[in-house]
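K.L.:
Generate coordinates for the sequence data below:
(3 chains)
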Amino acid sequence: QQNDSLAEPIIPAEKIELLKNINITFGMRMDFQAYTFRGGDNYYNGIQFENGFTALGISGKVHEKVSFQFRNRFNKNSDVQTLDRLSSNIELAYLDIKISPSFDLLLGKMSAFYGGYEYEFSGLDVLEYNDIYGNALAFVTGAGITYQASENNKFGLQVLNSRTQHYDDLYGDIVAENIQEPDWPVAFVGNWRGKFFDGKLQTIYSLSHSYEVRKRGTTFLTLGHKYQNQDLSLMYDFHYSYEEVDTKGIVTNLLSEEQVAEDVMYIENWLRAEYRFSPKFKGLLTLMTSSAYDNVKTSKQHMRTSYGAVPTIYYSPFKKIDLRFYLAYIGRYYDYSDYAIEELGASSYNKNEFRLGFIAPLLLL
Amino acid sequence: QQNDSLAEPIIPAEKIELLKNINITFGMRMDFQAYTFRGGDNYYNGIQFENGFTALGISGKVHEKVSFQFRNRFNKNSDVQTLDRLSSNIELAYLDIKISPSFDLLLGKMSAFYGGYEYEFSGLDVLEYNDIYGNALAFVTGAGITYQASENNKFGLQVLNSRTQHYDDLYGDIVAENIQEPDWPVAFVGNWRGKFFDGKLQTIYSLSHSYEVRKRGTTFLTLGHKYQNQDLSLMYDFHYSYEEVDTKGIVTNLLSEEQVAEDVMYIENWLRAEYRFSPKFKGLLTLMTSSAYDNVKTSKQHMRTSYGAVPTIYYSPFKKIDLRFYLAYIGRYYDYSDYAIEELGASSYNKNEFRLGFIAPLLLL
Amino acid sequence: QQNDSLAEPIIPAEKIELLKNINITFGMRMDFQAYTFRGGDNYYNGIQFENGFTALGISGKVHEKVSFQFRNRFNKNSDVQTLDRLSSNIELAYLDIKISPSFDLLLGKMSAFYGGYEYEFSGLDVLEYNDIYGNALAFVTGAGITYQASENNKFGLQVLNSRTQHYDDLYGDIVAENIQEPDWPVAFVGNWRGKFFDGKLQTIYSLSHSYEVRKRGTTFLTLGHKYQNQDLSLMYDFHYSYEEVDTKGIVTNLLSEEQVAEDVMYIENWLRAEYRFSPKFKGLLTLMTSSAYDNVKTSKQHMRTSYGAVPTIYYSPFKKIDLRFYLAYIGRYYDYSDYAIEELGASSYNKNEFRLGFIAPLLLL
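P.N.:
Have a look, this model is predicted:
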């Protein structure tokens, strides 16, 4: 037997083709964190190790015109969702079919084509999201097309489910005249990716409209900009989201239960700077603000503005793999308006957090 | 370092053996669907994208006499079941040990050796199941033997758990004299696969008996037939299931809660025709009926008959991979008997559905 | 096209490096079991097939100094835990970074460095755990260092979360003066692995202290010993666990609900002998006792002693893969003290069980 197996250690040509085109990845971010919440009713300290991102990815080019993406994110729950029949931990499960050299068709569960550079990063690389993307539903099922119009301009268009759960599971207990079941909980997303000055300046803009309930939905605009030279990259995003039915929950959480806030608006600014000091060290700074408004069509009440600052240092000890250790401070301040404090009993508070950990986007095969 | 890694890009012989014998697959069926329910209390419309089948499969020949099958179906729930200690999303996890050239021993969680061609298809290929297989427990833990008696006759025999949950989790709340905990919730399944006329006519017959509670169980007979020539295949299945304790839930759902129907019977017919018009196009038609009866030993009440029709067109754009786009209509009519309508308040209803999607059994490695 | 793919069946050198260093494993233990519980209120019989261990493992050396371990154990629940953001089924997800030839740094979710040979076995190989490891939290998130001090002495030190859930999820409903939320639910674990007489005698000792709630925790000492010659291995473990707040639940279960036992102690002895009769047959015997005490600081009430005996025979039919069939008897006797019987209404009982199954640590790639 041993002679046989030594005599012919030949891999069939089909297997070689498959092997060349499959990629198995494992992404990990794990850290030691110490944090305090202070202000109003908030008084909480915590020290712990946490697995922020743990995901197995499998992708492959299964045909010259067809490729495939799958990602199982183990930090998310695995209850199968009633509408699209996948659980939140299955973030990606889609085909990318090349229809022509410039058109791709995407089918399956994928990330919505929202814009901005905060969203462009994998969850592996983001220690703290601003309020909108921290509460948005990013992975949904549907169909998309990308069109590479020129070397420097790419457009994307998607038709997606606007949620993963049936109406009953999300809104079934809410009694409100305006909150009715729609035939089609659909989202339309369009984006544009531009490059200028040899790619030194890049943009990702998106506009989307989604219907969560009958005839009521969310209009979401993002304007993302990135400047990059050899050692420095600078990113600035602006977000505007007008929501006839609150999908982020920030205003809803201020109201009494069994009620969803209506006609709310979120406006955000986000800035990230990265500077490579040396091959092993990189400095980063993320700054963010997010403002929430209620009853936009009538009284337009300002509810709160949150602020965030995340200075970070990366240390990459190895040349051949991208394993980064990081030390970060995460400061957040949630500043509620007089209206929210006096009428709704809110209280402003802040979070101070230190993190020491690592980010490892491992390529296994 | 780079010289080292270039100098010796040799894969060890053992690794080559493993690589040759492992298969990683990803099965996907995803579609856009629009449906209406009408009749009686049923009035519901829905339009959505859905992931009907999303599964990672790993199989391998780990020894000349031992192979292995595993499938994680991400559309099913992941709560570990109390009896067999695996969750529903783990559909397959078994060894196949070749005892002799004609005998195989199967051990682990596997699909029961039920017969018929509806069941022979992977869930990937079935858009709509008839009532029995739509509600049957197909993946259970146990032991099986297959015997290739001759080139054209193969027999299978299994001893399996008849459920995945403990008695308490399934029947604990039901107060009925006849529903008692058994020592062994066991199922016995036997099947026969026959080939006639050079394989043009094939059959899969099965007979099984399972005990769900003490001394009471289910007798299930399937008779499956398939005629195949170059472009046409025709399949016809007959199913008969007599259930001392209802395991499909169709009759139980008509009764009041906290009660399981007893002495029920399901009788089914299923027919599927597939015709390849051209290398890229295939037409399919599935027709089905299912009748349910209660109190079979005494009054033998007819409760309902359901009807189904699923005309489908497959479009396969690529030669080298089996990626099929499909357009299907699914019509179902649930016709309740006068008894069910008058005595139990049931009402007949129908479902009309259109689906546009794709089926992709991808081989990744 | 076919010519192209045949002309160049070359695997890139980077892919070969990855392929050489990745390991995909699938561990399975599945059996047929028949058991009875008798004594006091316990009267229960059961016969069933069970999947005792079903796990996919992926590991790899991703850099000459960095390796990686991941294990998904499908028999455990998949609810994401609130403190460390992974579910119980993700047993391992950590990096091992070689800092120097003798120091390794481990980061992520890993098994605690507890000692003893019962714990040293994979769950795949243990049919019945003694009381402490049957109820201990073995897989937690944190950081560890191992130090190979000499060829025969290795030391390990860990700082870990002492639990996977937030205080509220574990103790939120318990009203007790001493059970307060700590800033840091931390565990410190140290161990020593020794080899003597050319490895014929080996030891794994560990000492750990963990804080589950504020200023109250568990001191756990293990002393594990192993003698091994060509055909025989003999293992003996001693365990001592003093728990200011009961983490094993055995004493707690005797008390009324909504209360956790305090100042409890568990003392255990465990012995396992394995003898290889022939290349295909191996005999094993495990013996164990575990004693539980309450109110250790005051009255030191003996609550119960449990006994266990597990004689087992392994049959390994194949040379090239480690597939073992086994036949085992598992006897347990839970002997409650007069105090527990008279004051708390406990009753002694026993379990008799037979198992016939297989253990398969399969290497797939």
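K.L.:
so who does whichever residue of chain A sits closest to chain C touch?
P.N.:
At 3.8 Å from chain C, A:I47 is the closest residue in chain A, using C-beta to the nearest C-beta. (C-beta placed from N, C-alpha, C; glycine too.) Contact analysis of A:I47 by C-beta atoms under 8 Å, 6 or more residues apart in numbering or on different chains lists A:32-35, C:183-184, C:186.
K.L.:
can you rerun that using 6 Å?
P.N.:
A:34, C:183-184 (C-beta atoms under 6 Å, 6 or more residues apart in numbering or on different chains).
K.L.:
Over to A:W184?
P.N.:
By C-beta under 6 Å, 6+ apart, the contact list for A:W184 reads B:I47.
K.L.:
Paired strands for the helix or strand harbouring A:N45, with orientation please.
P.N.:
Using DSSP states H and E, A:N45 falls within strand A:42-63. The strands beside strand A:42-63 in its sheet (DSSP bridges) come out as strand A:22-39 (antiparallel), strand A:66-73 (antiparallel).
K.L.:
re earlier: least trustworthy position among the contacts of A:I47, going by pLDDT?
P.N.:
On pLDDT alone, C:D183 ranks lowest of the contacts of A:I47, at 90.
K.L.:
any idea how far that one lies from C:A149?
P.N.:
33 Å (C-beta to C-beta, to the nearest Å).
K.L.:
cool, and A:Y129?
P.N.:
Distance, A:Y129 to C:A149, by C-beta to C-beta: 45 Å.
K.L.:
burial count for the closest residue to chain B within the stretch 251-365 of chain A?
P.N.:
Here the stretch 251-365 of chain A gets closest to chain B at one residue, A:K320, 7.7 Å apart by C-beta to the nearest C-beta. If you count neighbours by other C-beta atoms under 10 Å in any protein chain shown, A:K320 ends up with 14.
K.L.:
got it, and the one 5 residues further on?
P.N.:
Neighbour count for A:F325, taken as other C-beta under 10 Å: 17.
K.L.:
Could you give the bridge partners of it?
P.N.:
Here A:F325 sits in beta bridges with A:Y315, A:F358, going by DSSP bridges.
K.L.:
So which residues make contact with stretch A:130-143?
P.N.:
With contacts defined as C-beta under 6 Å, 6+ apart, stretch A:130-143 is touched by A:84, A:91, A:107, A:109, A:111-112, A:118-119, A:158-161, A:239, A:241, A:248-250, A:266, A:268, A:270, A:288, A:290, A:306, B:49, B:51.
K.L.:
Mind checking which of A:Y129 and C:A149 has more residues around it?
P.N.:
More crowded of A:Y129 and C:A149, by other C-beta under 10 Å: A:Y129, with 19 against 13.
K.L.:
so what's that one up against?
P.N.:
Counting by C-beta under 6 Å, 6+ apart, A:Y129 touches no other residue.
K.L.:
Just give the nearest non-adjacent residue to A:G249, would you?
P.N.:
Spatial nearest neighbour of A:G249, excluding adjacent residues (C-beta to C-beta, 6 or more residues apart in numbering or on different chains): A:N135 at 5.7 Å.
K.L.:
likewise A:G123?
P.N.:
Nearest to A:G123 is A:F53, by C-beta to C-beta, 6+ apart, at 5.5 Å.
K.L.:
And the residue nearest the centre of chain A, which helix or strand is it part of?
P.N.:
By C-alpha atoms, centre = their mean, chain A has its centre lying nearest to A:Y119, at 4.8 Å. Assigned by DSSP H and E, A:Y119 falls within helix A:117-120.
K.L.:
next one: A:L284
P.N.:
strand A:281-294.
K.L.:
and that strand, what's its mean pLDDT?
P.N.:
For strand A:281-294, the mean pLDDT works out to 98.
K.L.:
mind listing what's buried in it?
P.N.:
Within strand A:281-294, the residues scored as buried using 16 or more other C-beta atoms under 10 Å in any protein chain shown are A:282, A:284, A:286-294.
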